[in-house]
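[1] take this sequence and fold it.
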Amino acid sequence: MSSIYDDDYFITEIGMPHIFPNPREASDEGLMAYGGDLDPNRLLKAYRNGIFPWFNEGDPIFWWSPNPRLLLYPDEFKASKSLRRVIRNRGFEIEFDRDFESVVEYCRTVPRDGQVGTWLTEKMKESYIELFNMGFAHSVETYYDGKLVGGFYGVAIGKAFFGESMFSLMSNASKVALKVLSDILVKKEYYFIDCQVPTEHLMSLGARLVDRDIFLDQLEEALTKSTDLGSWSDWKKYLKDE
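    Residues are numbered from 1 along each chain as shown. Presented below is the predicted three-dimensional model:
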């Protein structure tokens, strides 16, 4: 591996072996490596080290571990009174892992305020579909009148859930999906949902900034637990007593 010097930190160029620098030594901005590929096993290694890819089409693959880290602890999800009314009365239906590919494609193509283009490249889409086929990636989908109108996807390893991207074609559709996932992860005793970087939207739902070293300590503990591999389509059994 080689490196370039950026202020007080080295940014490492990674090669074919699935090896990453120590994220505890990265700058607060979090850019710590570039290059490599999006092989699913490299992605899994990155997540296990508290690192994620984030780059624009045409750029090298950039690998990040920012400080602080935005985490949503499942039992801290903030559901407003209006959101609770939506959950009760709007007629949304939630499914897990029914249409993973469509969720990723919507996340790629649905416009977001202030965003030009997409960071979710075709190659990245292919890699997450492979992680889904391997049993690590999952989608949470919101339907209305049988139509997919919102949701998100992420990766589960041990008792950590790494959120990747979300979309919404109807107001509150992705919020409802996130609320259901949070309820499920409480039952499954997950440590956190990794939201990566701060957004007002996620912080309004209860996500909070956590020092990177604390996040990495909690991640290490979460990874000592077994991984829920395979489809999560049976999610309703975790709420059957409610």
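[2] any idea how far Val176 is from Phe132?
    The gap separating Phe132 from Val176 is 21 Å, by CB to CB, to the nearest Å. (Glycine included, C-beta is placed from N, CA and C.)
[3] typed the wrong thing, it's Glu221
    Computed as CB to CB, the Glu221 to Val176 distance reads 30 Å.
[4] more neighbours: the two, which one.
    Using other CB atoms under 10 Å, the more surrounded residue of Glu221 and Val176 is Val176, with 25 against 13.
[5] what's the separation between that one and Asp99?
    From Val176 to Asp99 the distance is 16 Å (CB to CB).
[6] is the residue nearest in space to the middle of the chain in a bridge, and if so with what?
    Against the mean C-alpha coordinate of the chain, by CA atoms, centre = their mean, the closest residue is Gly163 at 1.3 Å. Counting by DSSP bridges, Gly163 is bridged to Gly154.
[7] surely it and Phe192 touch.
    No: between Gly163 and Phe192 there is no contact under CB atoms under 8 Å: 9.8 Å.
[8] between these two, what contacts are shared?
    Counting by CB atoms under 8 Å, 6 or more residues apart in numbering, the shared contacts of Gly163 and Phe192 are Leu72.
[9] quick one: find the helix or strand in the protein with the lowest mean pLDDT.
    strand 2-6 (a mean of 45; mean pLDDT, DSSP states H and E).
[10] domain-wise, how is this structure divided?
    As recorded under automatic domain parsing, the domains making up the chain are 2-67, 70-239.
[11] rank those domains by pLDDT, which is bottom?
    Comparing these by mean pLDDT, the weakest confidence falls on domain 2-67, with a mean of 86.
[12] how many neighbouring residues does Glu105 have?
    16.
[13] which element follows the biggest helix by length in the chain toward the C-terminus?
    For the chain, the helix with the greatest residue count under DSSP state H is helix 173-187. For helix 173-187, the following helix or strand on the C-terminal side (DSSP states H and E) is strand 192-196.
[14] what's in contact with the helix or strand just after that following strand?
    Sequence order places helix 200-204 as the next helix or strand after strand 192-196, per DSSP H and E. Contacts to helix 200-204, defined as CB under 8 Å, 6+ apart, come from residues Leu70, Leu72, Lys78, Cys195.
[15] wait, which of those residues is closest to Arg212?
    For the contacts of helix 200-204, the closest approach to Arg212 (CB to CB) belongs to Leu70, at 10.9 Å.
[16] and the closest one, that's in a strand?
    Yes: counting by DSSP: H, G, I helix; E, B strand; the rest coil, Leu70 falls inside a strand.
[17] residue contacts, the nearest residue to it once chain neighbours are set aside?
    Spatial nearest neighbour of Leu70, excluding adjacent residues (CB to CB, 6 or more residues apart in numbering): Cys195 at 4.1 Å. For Cys195, the contact set (CB under 8 Å, 6+ apart) comprises Leu70, Leu71, Leu72, Gly163, Leu202, Ala207.
[18] then Pro53?
    Pro53 is in contact with Leu38, Leu43, Ala46, Ile61, Phe62, Trp63, Trp64, Met124, counting by CB under 8 Å, 6+ apart.
[19] what about 10 Å?
    Contacts for Pro53 (CB atoms under 10 Å, 6 or more residues apart in numbering) come out as 33-34, 36-38, 42-43, 46-47, 61-64, 119, 121, 124, 127, 164.
[20] buried subset of the residues you listed as a PyMOL selection?
    Here is the PyMOL command that selects only those of these that count as buried (16 or more other CB atoms under 10 Å):
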select buried, resi 33+34+36+38+42+43+46+47+61+62+63+64+121+124+127+164
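[21] so which of the contacts of Pro53 sit within strands?
    Among the contacts of Pro53, the members falling in strands (DSSP state E) are Ala33, Tyr34, Phe62, Trp63, Trp64, Glu164.
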